[in-house]
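*Asks:* Sharing a model prediction with you, sequence too.
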Amino acid sequence: MYLKKISLLNFKNLEAQSFDFQQKINCFVGNNGVGKTNILDAIYYLSFAKSYFNSVAIQNIRHGASFFMVEGDYVIDHRNEKIVCSLKKGQKKVLKRNGKSYEKFSEHIGQLPLVIISPADRDLVTEGSDTRRKFIDGVISQQNKNYLLDLLAYNKVLTQRNALLKYFAANRTFDALNLSVYDAQLSEYGTRIYEVRKAFLEKFIPIFNEKYQVISNDKERVDLVYKSQLNDFSMNSLLQKSLEKDKILQYTTAGTHKDDLSFEIGDYPIKKFGSQGQQKSYLIALKFAQFEFIKQQSNVVPILLLDDIFDKLDESRVLQIINLVNNDEFGQIFITDTHSERTENIVKQSNKPYKIFKL
Ligand SMILES: Nc1ncnc2c1ncn2[C@@H]1O[C@H](COP(=O)(O)OP(=O)(O)OP(=O)(O)O)[C@@H](O)[C@H]1O
């Protein structure tokens, strides 16, 4: 699968532009703010029907315009396919494949697998556990629709249970039977979510470690650890044990919604003890592992978007990344950089056909 051409109308700062792509490596170079990342985001849009950077859809329409349209011509299994995503102010977003609108965008997710590596991934290290849960949930649910349904159901029951706890507190009352209905549902969904996350991470972590070792040239040891209260107790017993606390705090304090991933370098949290380059290497290894995992599961080589990834990495790590890319395990790659010379030098070393767009 590869993207042959993209046409953009009023997408963020891009008024009307189209690009014909190379099957292997495509680079966008130019100064800060010219719209390099926005082009990658438009490619992301065609796979996920949403922006990677701005979740408020309407803000992706160019200032002063009333709509945006992103059109992609793909070659999938030797066939030409057209994906169009558009949004008009005051209307619903439309996603079409070969002229036919999708009723549910979820049917499209996973069809054009894609992995993005961007400076925004730093949030995975610096922000709260919900960012890291979203990351693993995103990787798993691209391949496992039942998991996504369990997550949605769990979150719905969790909201209802929290509302009931608030009601009890406000009315100085308690109804164990009422609460037990939610507890039973949370136990069912939570246990399944935990089992799927655990099984996923058992496969994912070794792939991640292998990628990190390649990027860092075996320089340092890193770990990725799944932290879950369900590692020690069943979901049901966690809910029982935390009941008194939950009643006081008026929300559910235990369960898979508290799961986290611990990112470590030499047994210490990478957030506090990793250099910028080590943190960046860690995030790149995570995303390369995601790439590998999706590829194994779907048998399709995902598109890879590399947004500004060479900054802060020393030459040997950049070289290791090029070696990885040279491995032929990658398909089409899009790269952005502010230094056109650096980019050209790097992609030249890859021995793959490339095209450079100067913006
Ligand atoms: N809806 C919008 N309408 C107009 N401009 C927008 C809109 N959304 C974002 N922009 C602008 O797009 C510009 C380009 O952003 P982008 O992140 O693509 O730049 P870039 O070339 O990747 O820069 P850098 O090298 O700094 O990463 C920014 O100045 C931003 O303000």
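*Replies:* Yes, it's here. For clarity, every value in this text was computed on a predicted model and none was experimentally measured. Numbers count the residues shown, from 1 in each chain.

*Asks:* interface residues of the stretch 1-150 of the chain facing the ligand?
*Replies:* Remark: the part of the stretch 1-150 of the chain in contact with the ligand comprises 12-13, 30, 32-38, 59-63, using Cβ under 6 Å from any ligand atom. The way it works is simple: take the backbone N, C-alpha and C, and place the C-beta from them, glycine included.

*Asks:* Can you flag the buried ones in the residues you listed?
*Replies:* Neighbour-count burial within these applies to Lys12, Val34, Gly35, Lys36, Thr37, Asn38, Asn60, Ile61, Arg62; the criterion is 16 or more other Cβ atoms under 10 Å.

*Asks:* Which positions in the stretch 201-350 of the chain make contact with the ligand?
*Replies:* Asp308, Thr336, Thr338.

*Asks:* The second one - that's part of a strand, no?
*Replies:* Yes - judged by DSSP: H, G, I helix; E, B strand; the rest coil, Thr336 forms part of a strand.

*Asks:* Would you map the helices across the stretch 101-250 of the chain?
*Replies:* With DSSP state H, counting those that start in this stretch as the criterion, the stretch 101-250 of the chain has helices at 123-126, 129-143, 145-170, 176-216, 235-241, 243-249.

*Asks:* buried residues in the second one?
*Replies:* By neighbour count, with 16+ other Cβ under 10 Å as the criterion, the buried positions of helix 129-143 are Arg132, Arg133, Phe135, Ile136, Asp137, Val139, Ile140, Ser141, Gln142, Gln143.

*Asks:* ok, now the last one?
*Replies:* If you call a residue buried by 16+ other Cβ under 10 Å, then helix 243-249 has these buried ones: Leu243, Asp246.

*Asks:* Packing partners of that helix?
*Replies:* helix 145-170 (3 or more Cβ pairs under 8 Å, 6 or more residues apart in numbering; DSSP states H and E).

*Asks:* now swap in the shortest one and tell me
*Replies:* In terms of contacts (3+ Cβ pairs under 8 Å, 6+ apart), helix 123-126 is packed against helix 129-143, helix 270-273, helix 276-298.

*Asks:* Next: the second one.
*Replies:* Packing partners of helix 129-143 (3+ Cβ pairs under 8 Å, 6+ apart): helix 123-126, helix 145-170, helix 176-216, strand 260-265, helix 276-298.

*Asks:* after the last one, next one along is what?
*Replies:* If you walk from helix 276-298 toward the C-terminus, the next helix or strand you reach (DSSP states H and E) is strand 303-307.

*Asks:* what distance separates that following strand from the centre of its chain?
*Replies:* In terms of Cα atoms, centre = their mean, to the nearest Å, the gap separating the centre of strand 303-307 from the centre of its chain is 12 Å.

*Asks:* Run me through the strand neighbours of that strand, direction for each.
*Replies:* Using DSSP bridges, strand 303-307 pairs in its sheet with strand 114-117 (parallel), strand 333-337 (parallel).

*Asks:* can you give me how far the first one is from the chain middle?
*Replies:* Taking Cα atoms, centre = their mean, one finds strand 114-117 lying 7 Å from the centre of the chain it belongs to.

*Asks:* helices and strands of this protein: which one bottoms out on pLDDT?
*Replies:* The element with the least model confidence among the helices and strands of the chain, by mean pLDDT, DSSP states H and E, is helix 315-326, at a mean of 79.

*Asks:* CA atoms only: put that one into CSV for me.
*Replies:* What follows is helix 315-326 as a C-alpha-only set of coordinates in CSV (Å, rounded to 0.1, in the frame of the first residue of the first chain):
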residue,chain,number,x,y,z
GLU,A,315,24.9,10.8,14.5
SER,A,316,25.3,7.2,15.6
ARG,A,317,21.6,7.0,16.6
VAL,A,318,20.5,8.7,13.3
LEU,A,319,22.6,6.1,11.5
GLN,A,320,21.0,3.3,13.4
ILE,A,321,17.6,4.6,12.4
ILE,A,322,18.7,4.7,8.8
ASN,A,323,19.9,1.1,9.1
LEU,A,324,16.5,0.1,10.4
VAL,A,325,14.8,1.8,7.5
ASN,A,326,17.2,0.2,5.1
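
*Asks:* Once you drop chain neighbours, what's closest to Gly277?
*Replies:* What sits nearest to Gly277 in space, not counting adjacent residues and going by Cβ to Cβ, 6 or more residues apart in numbering, is Lys312, at 5.0 Å.

*Asks:* secondary structure class for the one you found?
*Replies:* coil.

*Asks:* follow-up on the earlier one: could you export the strands paired with strand 303-307 to JSON lines, including columns for distance to Ser216?
*Replies:* Supplementary listing: the strands paired with strand 303-307 in JSON lines, determined by distance: least, Cβ to Cβ, whole Å:
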{"stretch": "strand 114-117", "distance to Ser216": "16"}
{"stretch": "strand 333-337", "distance to Ser216": "21"}
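
*Asks:* possible to save the ones you listed as TSV with mean pLDDT?
*Replies:* Shown next, in TSV, are the strands paired with strand 303-307 (pLDDT from 0 to 100):
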stretch	mean pLDDT
strand 114-117	94
strand 333-337	93
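
*Asks:* for those, which one sits closest to Phe233?
*Replies:* Of all the strands paired with strand 303-307, the one in closest proximity to Phe233, counting by Cβ to Cβ, is strand 114-117 (34.6 Å).

*Asks:* CSV for the helices of the stretch 101-250 of the chain, including mean pLDDT?
*Replies:* Output for those, formatted as CSV (pLDDT from 0 to 100):
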stretch, mean pLDDT
helix 123-126, 94
helix 129-143, 91
helix 145-170, 95
helix 176-216, 95
helix 235-241, 97
helix 243-249, 96
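
*Asks:* between the buried residues of helix 129-143, which is nearest Ile117?
*Replies:* Checking the buried residues of helix 129-143 against Ile117 with Cβ to Cβ, the nearest one is Phe135 at 12.3 Å.
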